[in-house]
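Trainee: structure here, sequence nowhere to be found:
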């Protein structure tokens, strides 16, 4: 998560790392949330919303995914 907080050039690097994890281990709710946060920071709200919907479909009780989805839908 440290890469996500360092600025725009680091968001691409973070997304590359998250995608590698996704390819190796599959999408977890935590990973989907992390990827969506990076997309939100880049202004890619539709992509972020798609990832968050997948996270919610995996675990409808995940508070982070629900909050991030609400935030994303209001941007």
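Mentor: In hand now; what should we look at? This structure is a prediction, so every number in the text was calculated from the model and none was measured.
Trainee: where along this protein do the helices fall?
Mentor: In the chain, the segments counted as helices under DSSP state H are 8-25, 29-41, 45-58, 63-73.
Trainee: next, count neighbours for residue 13.
Mentor: Neighbour count of residue 13, defined by other Cβ atoms under 10 Å: 13. (Glycine included, C-beta is placed from N, CA and C.)
Trainee: distance check, it against residue 29.
Mentor: Distance from residue 13 to residue 29, counting by Cβ to Cβ, to the nearest Å: 22 Å.
Trainee: can you tell me which of the helices of the chain is packed in deepest?
Mentor: Ranked by mean neighbour count under mean count of other Cβ atoms under 10 Å, the helices of the chain are led by helix 29-41, which reaches a mean of 21.
Trainee: contacting residues for the residue lying closest to residue 11 once chain neighbours are set aside?
Mentor: In space, and not counting its chain neighbours, residue 11 is closest to residue 38: 4.8 Å by Cβ to Cβ, 6 or more residues apart in numbering. With contacts defined as Cβ atoms under 8 Å, 6 or more residues apart in numbering, residue 38 is in contact with 4, 11, 14-15, 18.
Trainee: pick the one among those residues closest to residue 64.
Mentor: Residue 64 lies nearest to residue 4 out of those, by Cβ to Cβ, at 13.7 Å.
Trainee: related to what we said a few turns ago, now render the helices of the chain as TSV, adding mean pLDDT.
Mentor: As requested, the helices of the chain are exported to TSV (pLDDT from 0 to 100):
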stretch	mean pLDDT
helix 8-25	88
helix 29-41	93
helix 45-58	95
helix 63-73	92
